[in-house]
Every structure is written in structure tokens, then in C-alpha cells.
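In: have a look at this fold, sequence not included:
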């Protein structure tokens with residue numbers, strides 16, 4: 001992660017820890033409209049109850065990203081994961097961090113190595 005400034009790495013790892021440590025019950029369940037997800041910019045993780053983080057992504061409007069379909073959910077279906085065991089954790093980003101969301105996402109993916117982010 002030597003390609004990124006220390007402050008970015010530190011923030012990315014802090015956000016990754018938040019996504020990992022959010023209790024599964026507090027994550028947003030899968031639904032048709034994803035009303036539990038914010039209509040704000042942020043970084044999200046598709047999580048499995050026992051397998052952990054499957055995918056990390058970013059979006060300018062998290063709710064719209066899932067309403068339009070998401071490849072990680074398709075892969076979970078193909079892998080025959082029970083939809084009740086899959087949820088979405090997220091952190092919203094203010095303008096300062098949203099400007100560098102791509103870099104934050106890349107650092108988080110490098111660190112967590114979620115299986116669906118590599119496909």
C-alpha cells in the first residue's frame with residue numbers, strides 16, 4: 001500500500017474495520033427497493049453471515065447502486081448462498097472523503113481480498 005499516502009491508508013483501514021465490525025443484524029438485508037440503504041455516497045460491503053466480506057464497492061448513491069442490480073448478488077445466487085445470510089454494510093462519505101473514494105476502495109480491497117471483488 002506504499003502507493004498511497006499514509007492518511008489515506010489509515011482512513012481506508014478504519015472504514016474497513018467499521019464494515020467488518022458492524023454486527024450482521026445491523027447490516028441492511030436484501031430487498032427489492034433497498035430502502036434501508038442511504039441515498040448518499042459511500043463505501044459498502046456485501047457480507048455473508050459466516051463467510052465475512054464477499055465484495056467491497058463504492059457508489060455516489062448506495063441505494064441506487066443496488067436497486068439497479070449488483071453483480072455480487074448474482075454471484076451469491078450462483079454460489080447458492082442463502083439470501084438471508086447475505087447483507088450490506090455501509091459507511092457514508094462526506095465530500096472530503098468522497099473525492100478519494102476510489103483510492104479508499106482499492107486499499108480496502110487489497111487488504112480484505114474479498115472473493116467477489118476479484119472476479
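Out: Thanks, I have the structure now. Just so we're clear, the structure is a prediction, and the values are computed from it rather than from any experiment.
In: who's in contact with residue 72?
Out: 46, 54-55, 57, 116 (CB atoms under 8 Å, 6 or more residues apart in numbering). C-betas here are computed from N, CA, C, even on glycine.
In: let's see that with 10 Å instead.
Out: Residues near residue 72 by CB atoms under 10 Å, 6 or more residues apart in numbering: 44-46, 54-57, 66, 86, 88, 114-117, 119.
In: do the same with residue 115
Out: Per CB under 10 Å, 6+ apart, neighbours of residue 115: 48, 51-55, 72, 75, 79.
In: which residue ranges form the helices in this structure?
Out: Along the chain, the stretches classed as helices by DSSP state H are 6-21, 62-67, 71-78, 95-98, 101-112.
In: those helices: lowest mean pLDDT?
Out: Among the helices of the chain, helix 95-98 has the lowest mean pLDDT, at a mean of 88.
In: tell me which other helices or strands that one touches.
Out: Applying 3 or more CB pairs under 10 Å, 6 or more residues apart in numbering; DSSP states H and E, one finds that helix 95-98 contacts helix 6-21, strand 42-48, helix 101-112.
In: okay, now the sheet partners of the second one, with direction.
Out: If I follow you right, that is strand 42-48. Taking DSSP bridges as the criterion, strand 42-48 forms sheet pairs with strand 52-59 (antiparallel), strand 86-92 (antiparallel).
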